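Colleague: here's a sequence, model it:
(2 chains)
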Amino acid sequence: MITLIASLAIFSSCKKDEDKTYKSPQVTAPATQDVEAGAAVDMEFPYTSEAGFKSSTVSATNGTATIKTDGTADAKSGTIVVTFTASSNAGAGAVVLTVTDKESQTGNATAVLNVVLEQMTFYVSSNITANTTWETGKVYILQSRIAVVANVTLTIEPGVVVKGEAGAGSNATALLIARGGKIMAEGTADQPIIFTSVADELMPGQIVSPNLSPEVNGLWGGVLILGKARISASNDNGDVSEVQIEGIPTSDPNGLYGGNDDNDNSGVFKYVSIRHGGTNIGSGNEINGLSLGGVGSGTVIENVEIVANQDDGVEWYGGTVNVKNLIVWNVGDDGIDTDQSWSGTVDNFIVYTVTGHNFELDGPEGTYAAGHNIQNGTVVASGLDSDGVLRVSEDLINVDNNSIVNLKNIFITAIQAGQKINRVTAAGVTFEGIELDVTVDALPGHVNGAVPAGVTAGGTSKADASKFTGWTWLDADGKLAGL
Amino acid sequence: MRYYISLLFALIVSTTYAQNGKIRGTVFEKGTGESLVGVTVLLKGTTIGTMSDLDGKFTIETQPGTYDVQLSYISYQTVMLTNVSVKPGEVTILDEVMLQESATELQEIIVTAEAVRKTEAALLTVKKKSAAMLDGISSAKIRLTGDATAVEAAKRVTGVSIEDGKYVYIRGLGDRYSKTTLNQMEIPGLDPDKNSLQMDIFPTNLIDNILVSKNFTADMPADFTGGLLNVETKAFPEERVISVSLSAAFNPSVHLNPDFITYDGGKTDFLGFDDGTRALPSLARENTIPSPVSGNANQEVFDFISSFNSQLGAKTQQSFVDYSAGISLGDQLTIKRKNSNKGVDPKIGYIFSLSYKQEYKLYDDAGYGEYQRFKDPELYDMRYATISEGVIGEKSVLVGILGGLAFKTQFSKIRFTAMRLQNGESRAAQFTIINDGEAVGQSGYKAYSDNLEYNERSLTNLLLHGDHVFGGDKWELDWRISPTRSTSDDPDIRKTAFTETTTSGLNFSSGAGGNPSRIWRSLDETNTSSKIDLTRKYQLFGSEAKTKLGASHNYKNRSYEILSFDMQFYSGQSWPDPDPNTVLIPENIFPNKPNGIYYQSLNNDPNPNEYKSNSTNIAAYISQEFYPVKQLKAILGLRVEDFVMNHTGRDQKYANGDFENGFNLDNEEVLSSTDLFPSVSLIYAITKNQNLRASFTKTIARPSFKELSYAQIIDPITNRIFNGSLFKYPDWDGNLTETRITNADLRWEWFLERGQMLSASGFFKTFDNPIELVRIPEQQTSTEYQPRNVGDGQLYGFELEFRKDLAFISPTMGMFSLSSNLTYVISEIEMSDVEYNSRKGYEKVGETIERKREMAGQSPYVINAGITYANTEIGIDAGLFYNVKGPTLSIVGGGLFPDIYMLPYNSLNFGINKKFGKEGKTIVDLKISNILNERIESVYQSFKAKDETYVNLNPGITFGIGISYMF
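Modeller: Numbers count the residues shown, from 1 in each chain, chains lettered A, B, ... in the order given. A predicted model of the protein is given here:
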């Protein structure tokens, strides 16, 4: 019988034991943050208190602190908001918050602050819902998947460094320009805008990472721009519709793209280098360095470099946008990936030692069919990385049977045995001035099928490397030499 | 502990010293099939006698000899059982003594003792007279069929079908509409995605009977529609029982096979739980785990990665045979009082049962597929997106312990039982995965994957049950309190897939076969149920009438969590010898180069893949059973249930720190309703042995914990994303409601002698706001589902059942008995606009898309058939049993994605057992399962297209042998 009562007591644990000893309060301090001299900042301290909250006190160094929102009497958990007002002196500061419970037990936590004359690092944790400018020389840290929502413009000034916090799955960080939202990221050849990981010690003004090699990938997500141009999705209801971009759950409507405004304008994206991203965002979906979903031709995308993205370099999902002067280097999957009848042109590009396909060019998925042009580029199909490991792409060009694409003036070098153009019979695919850097005898071995007239052996670099000098990491690494 | 064991043995042994013998029996009222309390039992010619207790049971202890036993009760015909022999130290059992009401009281009926020793009839009597339409299987029948777990036994019952070898569905209705109780009390499930309980964890030697009610009466919970299945654990034995059983089974393709694939577990795997070998390193729970970018020192990162179990690959190891062992012991002890010749002495009963089973499964040509339809209306065939083919090895251990103690006086009974079930299933698989880049949203690759999984389930149940009669037997009070805790954990699910590249051999490619990943998943649920029922018997309109009222309280609390980690490479990869088991050798771990392996956490804090939910259901009912006219019994009932569900969880956005746009629920109410459930049942006795039954009831199906949430859960096995119903979409308002169901049943039944019977039933059900998982069309590259209320549904069905022996051919043929039951159902449901449009968009030439389709999970037919042979003289029982269910729509497709159907699995099993020895104390049994060597198959189906594989497994034929001995 005693066992019985004991067991029942264990199961119906809702009954309170009068002689219980309670755990003393636990207080969690917020992460270290910067605050400008003389400025005030609100800090959130979550707490738990088994015996119930009674009171709290706060003290500060290098500034003053007051309790803005106190805990709730008797509450077992909650958040206390403290306002810290920095002194006029730069240097370290701290806030100590002490919570006392009803049993007169206490718990405390210390939050560290850096009082700076001018704040140089900013944390971005929620969607951008009002026009915002990120300023030259400053670092912006993405703490989650940040969307620039419809009818809002995010302006990124030249020389800005944006860093994504680490994480994968739902924990991944990314910058998403929603359909109807706008990005005005106009870097310059002297001051490119750089997207990288928080692990990167790179600071504004630098091109080369002081600590990360150009193979390290998957440290954060990537940049996604979504628009209202036509897509050929096999949407269940037909062609004209919208679909959800890969990797963003459908519960977030900011992930929708596609429409019928082929001239849609998502802004300007110039002189931008995106590095070390491509983390897994869930169910086998990785984020591309730059994802362009239904982006319209009113958008300007020029001078973009993608380095060490775990998934594709650039992936187009329908849309009409043109892209000029593009580098994709050391990505873990495809260099240039097209889907859903993107109908634009990529002009002047370098695809350098990717390990997926250099070109992964798919056809329409709905009945709407349109094609694209890929022209004036150089592909380096293999090479040693900084650790001496050989990186080789899966093949030379990969098209599907229903692909629609004109491939023109492309030079492919550093070709290894086994690398091929996978298909030359697709009706919608044309080859013109495609030069493989192999001997005439070896040429048939690199084409799956009869060698088309537009594919020849030999040749020279077709990309205009001068467009990439000065502002790209590929250039700084000396890889442009000879291209 | 040792003290208790010796005490237990002392109890067992003490009874063996008794020189007297015992007579035990049960008295029933012939008209109602209910037990009779207070019947006087007398040994003719002696002064030794007793009275039947509240269960209609009696015990008389006397000197060995042959007696005539007289049973008498006011206004009933007296029965005389002649030639009842009593042997020293033994119990003579008179299982079912029927007393009939009589106006005259003068006649005495004389019956020989042998005539009352039939068993199967008991269930039939209950079935004949019960208010609900009942079907069931008793432990006696289970012993004959040789079924090892409840799930195998349950499928012998009319209209019952089994899915995934675990879930019991009734009348072919899907998971949502079936319910399982244990000793009539609610118990938590073990699968976060299902409403019904996994029945494969109940070993049959802990089960007394399984009963299925196909219609609702007010004293049952209202949240079932197809059927309510109740598992009754072992009660108290009539006589002292000590039995030991051993059995083994052999499947030529599975057992003693040197190619069986498995992986190393812990030291306690053989007991059905993990010893910590698969535990998540504690640092991995931190917000920031040590990684090259976390700011930790290189050595800390290395140590952290090394703290994970390094085995990632499956290995081959010779399998043993399946085996199981069980021991049961129990007895009833009478507490002697002075002058105990008359009246009833209090009794103490105890039971203890232990069972252990180890099983192997090997599917050496397993196949899984993902298929798509072409948009082109003239292309009928489907194309694959991904095909996985390979080998799966499973090893499972099931341990069950049950102990019980009861105290009984003539008018009161209190029992306490405690049960613990522990199951561990270790699974290793190796697959070749081919992905077609031409398929929509696919990138195209070939990969070789090793998957290691372990699922650990436990269920701990306590029951305190009291039953009291007073006022003669006019009042009966029954109360039960039953707490249960169940857990289901999947520690360290490992998937390691090397992707084949044309140019650099095998490596890990996140966009293709994926980087190696590991997942920890856990479910913990507690359930506290209590109920009280009060029954009053009296005379109304000159016949027996009964008023029953009661109340119940049920509280459930569940917590669920998934933690995932991906492996990353801090530098280029190089795998000269690609072997999953050398992936995590120190040379490959960060900061060593190349490879530089480290872990990336996919878990936010708070975690969107985590939730806590609780529900409280308070119910009360009243029901009235009476005969308005002589042959018509009416049962009218009304039940009220007040149900409240609360949820704690958040979506990804909130978990990511976006408190403005994200959603978070902190123990907030997500469902609250008070419903009335009326029930009307009419039983018309056409003749003495024929009934016509009609019933009309309202029931409910409530959304599950997970469905009413902002949960966004990625299923690690299928990669499908589940979105809670609270998210709003342009075509969904975020308000998921209960499904309310109206049921009508009609049944004709004819009971014949020797347990033969024939019955035919028809039923009709309407579903108001049924819930189905709807595929979200906006997402194409991955599969996302959301539970939504879809258009109204209805179904109608027909059931036929018979049990007939072949005595009409010749008396010897009477040892053969044929039985069969058949359920046929037509269901339809109104498609949602989303589904209709998506089907319409992919309509093929010649195809007509209707607005309606069959209900998901509903089988069109279920057939059970069997022929049994029983020869008591030579102690042989044998049976051949067949079971199949029709092709069932298991996953609803539409548009690009075809529907998935589960194909019929023609299961044919044979069992024979023979008793040996003078007293038949040794039983040897043989069985053969899956005689037809059928495969378990689910396929994609599309208009005019060839079926394509979704799941294809070959269980093979198994031969089993068992021996049991009763002391």
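
Colleague: got a list of what the residue nearest to B:Asn298 when sequence neighbours are not counted touches?
Modeller: Excluding its sequence neighbours, the residue lying closest to B:Asn298 (CB to CB, 6 or more residues apart in numbering or on different chains) is B:Pro591, at 4.4 Å. Yep, even glycine has a C-beta here, placed from its N, CA and C like the rest. Contact analysis of B:Pro591 by CB atoms under 8 Å, 6 or more residues apart in numbering or on different chains lists B:292, B:298, B:301-302, B:570.

Colleague: which among the residues you listed end up buried?
Modeller: Buried positions within the contacts of B:Pro591, assessed by neighbour count (16 or more other CB atoms under 10 Å in any protein chain shown), are B:292, B:301-302, B:570.

Colleague: show me chain B divided up by domain.
Modeller: Chain B breaks down by automatic domain parsing into domains covering B:2-117, B:123-235, B:322-417+B:432-966.

Colleague: between the ones you listed, which one is nearest to A:Lys228?
Modeller: Nearest to A:Lys228 among the domains of chain B is domain B:322-417+B:432-966 (15.1 Å), distances taken as CB to CB.

Colleague: show me the helices in the stretch 151-300 of chain A, by range?
Modeller: Using DSSP state H, counting those that start in this stretch, the stretch 151-300 of chain A contains no helices.

Colleague: quick check: A:Ser56 vs A:Ala94, distance?
Modeller: Applying CB to CB, to the nearest Å, the value for A:Ser56 to A:Ala94 is 16 Å.

Colleague: if you count what's nearby, which of these two comes out ahead?
Modeller: A:Ser56 (21 against 17; other CB atoms under 10 Å in any protein chain shown).

Colleague: what bridges to that one?
Modeller: Taking DSSP bridges as the rule, A:Ser56 bridges to A:Val99.

Colleague: wait, it touches A:Asp101, no?
Modeller: No - judged on CB atoms under 8 Å, A:Ser56 makes no contact with A:Asp101 at a distance of 10.2 Å.

Colleague: just give me the closest of the contacts of B:Pro591 to B:Thr535.
Modeller: Among the contacts of B:Pro591, and counting by CB to CB, the member closest to B:Thr535 is B:Val301, at 68.1 Å.

Colleague: what sits closest to that closest one if chain neighbours are left out?
Modeller: B:Pro290 (4.6 Å).

Colleague: what do you get for B:Val951?
Modeller: Leaving aside its sequence neighbours, B:Val951 sits nearest to B:Ser938 (CB to CB, 6+ apart; 4.4 Å).

Colleague: wait, a strand at that neighbour?
Modeller: Yes - per DSSP: H, G, I helix; E, B strand; the rest coil, B:Ser938 lies within a strand segment.

Colleague: surely it touches B:Pro904?
Modeller: No - judged on CB under 8 Å, B:Ser938 makes no contact with B:Pro904 at a distance of 11.1 Å.

Colleague: for the residue positioned nearest the centre of chain B, which residues are in contact?
Modeller: Closest to where the C-alpha atoms of chain B average out (CA atoms, centre = their mean) is B:Met199, at 2.6 Å. If you count contacts by CB under 8 Å, 6+ apart, B:Met199 has them with B:149-151, B:154, B:166-168, B:180, B:231.

Colleague: try 6 Å this time
Modeller: The neighbours of B:Met199, taking CB atoms under 6 Å, 6 or more residues apart in numbering or on different chains as the test, are B:150-151, B:168.

Colleague: tell me the pLDDT of it.
Modeller: The predicted structure scores B:Met199 at 78 on the pLDDT scale.

Colleague: and the residue of the stretch 701-850 of chain B that's closest to chain A?
Modeller: Closest to chain A within the stretch 701-850 of chain B is B:Ser838: 3.3 Å, counting by CB to the nearest CB.

Colleague: let me know the secondary structure of that residue.
Modeller: Applying three-state DSSP: B:Ser838 is helix.

Colleague: that one and B:Phe897 touch, don't they?
Modeller: No - using CB atoms under 6 Å, B:Ser838 makes no contact with B:Phe897, being 8.5 Å away.

Colleague: hang on, the earlier thing: ok, now how distant is the residue nearest to the centre of chain B from B:Asn230?
Modeller: 12 Å.

Colleague: gap between the closest residue to B:Arg650 other than its chain neighbours and B:Pro608?
Modeller: Nearest non-adjacent residue to B:Arg650, counting by CB to CB, 6+ apart: B:Asn664, 4.1 Å away. Noted for B:Asn664: a distance of 10 Å to B:Pro608, by CB to CB.

Colleague: shared neighbours, those two?
Modeller: Joint contacts of B:Asn664 and B:Pro608 (CB under 6 Å, 6+ apart) are B:Arg650.
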